[in-house]
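A.B. asks: let me see the structure of the following:
(one chain, ligands or ions: 1)
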Amino acid sequence: MSRSVKKLTGLVAATFTPLTTEGEINLSVIGPYIDYLKEKQNVKSVFINGTTGEGCSLTVDERKQLAAAWCQHGKGNYGQQKCLKGTRARHAASIGADGIAVISPSYFKPINADALRLFIKEVSAFAPDLPMYYYHIPSMTGVALDAADVLNGIEQMIPSFQGVKYTGTDLRDLGQCVCYSQSHNWSVMFGVDEQLLGALVLGVHGAVGSTYNYLGRIVNQMLAAFDNGNHMQTRALQFEFMEVITFAKNLGFDVSVNKQVMSEVSGLAMGPPRLPLLPCPVSKAQAIAQKIKDFSQGH
Ligand SMILES: CC(=O)N[C@@H]([C@@H](O)[C@H](O)[C@H](O)CO)[C@@H](O)CC(=O)C(=O)O
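C.D. replies: Below you'll find the predicted structure:
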């Protein structure tokens, strides 16, 4: 790589995509959104156009506009900013994103790790200097190849490779990713927020998730407690966090509900989701938001 790369660590908010009530992207919310993350949640990195951001439901042009807006508003505010998912790598490099994450194709699926590595290599060739991460999310892609197999030898094919965003629950595979990444100084970022403590014990370097949009401040406390070796406090926070997510899941927590919850908690107008996601009844989101506020007030 031709530039030095700051290792990705800590909490990263997987951002929602603000839409107008008519369903168009609403770039005017991005500035206040960044202020909210920074000032209220102490979250300094973002991951955009991902699952939470309904990236797959946006047009290429919308994704580019969002990426440009986040990078334009975010630089100077954030020491470190992580943007984008998908195959628009060249555009990401041109707007100053700090990295890209690529999911597996999910219609024609790779039959093995070799095929997936070749695909990631092809994407990275459009932006060879931009840090590249593999985004492992089998629950959405339906591609359950071991991420550790995908990492194996990838540094020889992709010099800009920097790690994996691991949204899965297989701790054996996750542990092997961490182990393999050690010798390359890569980042392993965990993406199942309600199971973060298990991943921290295995040595992940940070986390990317939707709930850090409104629970970042508390999860940052949890990370500090973990770093200080205060296992009792870390566990107590994780248990409370799990209770909130379980409450939400019992009410049918999905990206649509989550988006409305973010509007209720932050006061920012995230707008409706895009079809096929259906708008969430406000009363449901308010019940979850109240639970989050109660949790937040206790800390
Ligand atoms: C499947 C899914 O959406 N997972 C979320 C989690 O943050 C998830 O919302 C959270 O753990 C609650 O279940 C993230 O991993 C997704 C993410 O980082 C993204 O938006 O790309």
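A.B. asks: use CA for all of it now, contacts and neighbours both
C.D. replies: Will do.
A.B. asks: can you count the residues close to P32?
C.D. replies: 12 (other Cα atoms under 10 Å).
A.B. asks: next one: D294
C.D. replies: Residues near D294, counting by other Cα under 10 Å: 12.
A.B. asks: what score does it have for pLDDT?
C.D. replies: Looking at D294, its pLDDT stands at 96.
A.B. asks: same check, this time on A92
C.D. replies: Reported pLDDT for A92: 80.
A.B. asks: do the same with L151
C.D. replies: 98.
A.B. asks: wait, it touches Q176, no?
C.D. replies: No. Assessed by Cα atoms under 8 Å, L151 is found out of contact with Q176, at 9.6 Å.
A.B. asks: more neighbours: which of the two?
C.D. replies: L151 (21 against 16).
A.B. asks: any idea of the pLDDT on the spatially closest residue to that one that is not a sequence neighbour?
C.D. replies: Take L151 and drop its neighbours on the chain: the residue closest to it by Cα to Cα, 6 or more residues apart in numbering is C177, 7.2 Å away. The model reports C177 with a pLDDT of 98.
A.B. asks: repeat for G50
C.D. replies: Value for G50, per-residue pLDDT: 95.
A.B. asks: in three-state terms, label it for me.
C.D. replies: coil (DSSP: H, G, I helix; E, B strand; the rest coil).
A.B. asks: what are the phi and psi values at L19?
C.D. replies: The phi and psi torsions at L19 (degrees, to the nearest 10) take the values phi -120, psi 150.
A.B. asks: restrict the helix or strand of the chain with the lowest mean pLDDT to CA atoms and write it as CSV.
C.D. replies: Across the helices and strands of the chain, mean confidence by mean pLDDT, DSSP states H and E is lowest for helix 89-94: a mean of 78. The C-alpha coordinates for helix 89-94 follow below in CSV (Å, rounded to 0.1, in the frame of the first residue of the first chain):
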residue,chain,number,x,y,z
ALA,A,89,-14.6,1.3,-4.8
ARG,A,90,-13.2,3.8,-7.2
HIS,A,91,-15.8,6.4,-6.1
ALA,A,92,-15.0,5.7,-2.5
ALA,A,93,-11.3,6.4,-3.1
SER,A,94,-12.1,9.7,-4.9
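A.B. asks: you'd agree M189 is in a strand?
C.D. replies: Yes. In this structure, M189 lies within a strand as judged by three-state DSSP.
A.B. asks: count of neighbours near it?
C.D. replies: 30.
A.B. asks: what pairs with it across the strands?
C.D. replies: For M189, the beta-bridge partners are K165, G206 (DSSP bridges).
A.B. asks: next one: it from L174, what distance?
C.D. replies: 10 Å (Cα to Cα, to the nearest Å).
A.B. asks: pull up the overlap in contacts between the two.
C.D. replies: Y166 (Cα atoms under 8 Å, 6 or more residues apart in numbering).
A.B. asks: quick one, what contacts T167?
C.D. replies: By Cα under 8 Å, 6+ apart, the neighbours of T167 are Y135, H136, I137, P138, F190, G191, V192.
A.B. asks: reformat those as TSV; add pLDDT and secondary structure.
C.D. replies: Output for the contacts of T167, formatted as TSV (pLDDT from 0 to 100; DSSP: H, G, I helix; E, B strand; the rest coil):
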residue	pLDDT	secondary structure
Y135	97	strand
H136	98	strand
I137	97	coil
P138	98	helix
F190	98	strand
G191	98	coil
V192	98	coil
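A.B. asks: which of these has the most neighbours?
C.D. replies: Top of the contacts of T167 by neighbour count (other Cα under 10 Å): F190, with 28 neighbours.
A.B. asks: hmm, that one is touching V204, no?
C.D. replies: Yes. Counting by Cα under 8 Å, F190 does reach V204; the two are 6.7 Å apart.
A.B. asks: now the strands for the stretch 101-250 of the chain?
C.D. replies: 132-136, 161-166, 187-190, 206-209 (DSSP state E, counting those that start in this stretch).
A.B. asks: how about the second one: buried residues?
C.D. replies: For strand 161-166, the buried set under the neighbour-count rule, 16 or more other Cα atoms under 10 Å, comprises F161, Q162, G163, V164, K165, Y166.
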